[in-house]
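Colleague: Need coordinates for the following:
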Amino acid sequence: MPFDLALSYPQWQGSGRHANLPRGAQAAASVCARFAPLTRMAPVGDGGDMAHGVNRWDAILAQFRNAQQLLAKSGARRVLTAGGDCAVDVAVIDHLHRLHPQLRVIWIDAHLDANTPETSPSGNFHGMPVSAILGRAPAPMRPLLGRPLDPSRFHYVGIQVGDEGDWQLQRELDLRKLEPHTPIDGPVHVHFDLDALDPQEFAYVAYPDGKLRVDDAIALLRRIALDADVVGLTITEFAPADDDEARAGAEVIDALCEAAGARRLA
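Modeller: Next up is the predicted model:
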């Protein structure tokens, strides 16, 4: 198997449009179980009011700490994660960065996800994970995180939409896109928000802002897997409206997971 652990992390509390995320997280977990032994995190409740600039803060922090403990206990060095909203990746990247100090992160997403609690217009934590892994997490979370990721080892793919706070951090830290000529070396973690995909090909998301063709996404993951060492892949923001959409979307998720494990499946 290309990964040591498949983590089902069905967090929805970070999203502003969360109605279908639990169904998507369940379907994504069923796919990920084909590629590694599956461990499920227990879902938590609504999570209460805004605190520290984050909506449903209690649920966000509780799930983050649960994920940290589970990952540390597992000892997994290669993690496949089925979200949930984009913020599930804060705990996963922190875990992998501790084990792989030279970790590179490739963030495939239609959105920059780089707001902070101070700049976010919504307070939804799924718009803040990039800032969190780069050292701008909500204050109570910072002592629980390891060393921030070096911004030079972070690259975007597919970004289309951002608030002023997103672009402010992007400019401040000089966060760059992954260009076709950019060399990729490992270890690498890939964050894949399914809303990066063209909604004419993949419509099962709450924020259909992407332009990336499905075939191009699969080819990119295969290229990364063959050029580098993929130690992490997180699939997020799958929001099918019914079981038929869940099955259709799962086929694409399966192809993405297989591409990310191309070197180890060969």
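
Colleague: From Glu179, how far out is Gly261?
Modeller: Taking C-beta to C-beta, to the nearest Å as the measure, Gly261 and Glu179 are separated by 24 Å. (Glycine included, C-beta is placed from N, CA and C.)

Colleague: who's more crowded, these two?
Modeller: Between Gly261 and Glu179, counted using other C-beta atoms under 10 Å, Gly261 has the larger neighbour count: 22 against 8.

Colleague: Go ahead and confirm that one touches Gly232.
Modeller: No. Assessed by C-beta atoms under 8 Å, Gly261 is found out of contact with Gly232, at 11.5 Å.

Colleague: what about the helices in the stretch 101-250 of the chain?
Modeller: Here the stretch 101-250 of the chain has its helices, by DSSP state H, counting those that start in this stretch, at 129-131, 164-173, 214-227, 243-260.

Colleague: Rebuild those helices as TSV, extending it with mean pLDDT.
Modeller: As requested, those are exported to TSV (pLDDT from 0 to 100):
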stretch	mean pLDDT
helix 129-131	98
helix 164-173	97
helix 214-227	96
helix 243-260	98
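
Colleague: Indicate which one of those is closest to Phe64.
Modeller: If you check each of the helices of the stretch 101-250 of the chain against Phe64 by C-beta to C-beta, helix 129-131 wins as the nearest, at 10.6 Å.

Colleague: Could you give the separation of that closest one from the chain centroid?
Modeller: 10 Å (C-alpha atoms, centre = their mean, to the nearest Å).

Colleague: same deal with stretch 87-107?
Modeller: Centroid displacement of stretch 87-107 relative to its chain, using C-alpha atoms, centre = their mean, is 10 Å.

Colleague: what's the answer for stretch 104-114, then?
Modeller: Relative to the chain's own centre, stretch 104-114 is displaced by 8 Å; criterion: C-alpha atoms, centre = their mean.

Colleague: Which strands and helices lie in contact with the strand or helix carrying His95?
Modeller: Secondary structure from DSSP states H and E places His95 in helix 89-99. Based on contacts counted as 3 or more C-beta pairs under 8 Å, 6 or more residues apart in numbering; DSSP states H and E, the elements that helix 89-99 packs against are strand 5-9, helix 57-74, strand 79-83, strand 188-193, strand 230-236.

Colleague: Not counting its own residues, what contacts it?
Modeller: Applying C-beta atoms under 8 Å, 6 or more residues apart in numbering, the set of residues contacting helix 89-99 from outside is 7, 9, 64, 67-68, 71-72, 76-77, 79, 81, 83, 103, 105, 129, 132-133, 137, 141, 145-147, 149, 187, 189, 191, 231-232, 234, 236.

Colleague: Likewise for stretch 115-128?
Modeller: The set of residues external to stretch 115-128 that reach it, using C-beta under 8 Å, 6+ apart, is 13-16, 50, 52-56, 60, 85-87, 111, 113-114, 131, 136-138, 163-166, 168-169, 236-237.

Colleague: In PyMOL, select just the buried ones from those residues.
Modeller: The PyMOL selection below is limited to those of the contacts of stretch 115-128 classed as buried (16 or more other C-beta atoms under 10 Å):
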select buried, resi 13+14+15+53+54+55+56+60+85+86+87+111+113+114+131+136+137+138+163+165+166+169+236+237
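
Colleague: about what we covered before: how far off helix 57-74 does the helix holding His95 point, in degrees?
Modeller: With axes from the mean of the first three to the mean of the last three C-alpha atoms, to 10 degrees as the basis, helix 89-99 and helix 57-74 are set at 30 degrees to each other.

Colleague: Give me the buried positions along helix 89-99.
Modeller: Under the neighbour-count criterion of 16+ other C-beta under 10 Å, helix 89-99 has Asp89, Val90, Ala91, Val92, Ile93, Asp94, His95, Leu96, His97, Leu99 buried.

Colleague: ok, and the closest non-adjacent residue to Pro101?
Modeller: Nearest in space to Pro101, with sequence neighbours left out and distances taken as C-beta to C-beta, 6 or more residues apart in numbering, is Arg147 at 7.9 Å.

Colleague: what about that neighbour, distance to Ala248?
Modeller: Note on Arg147: its distance to Ala248, by C-beta to C-beta, is 40 Å.

Colleague: more crowded one of the two?
Modeller: When Arg147 and Ala248 are compared for neighbours, Ala248 comes out ahead with 14 against 10, by other C-beta under 10 Å.
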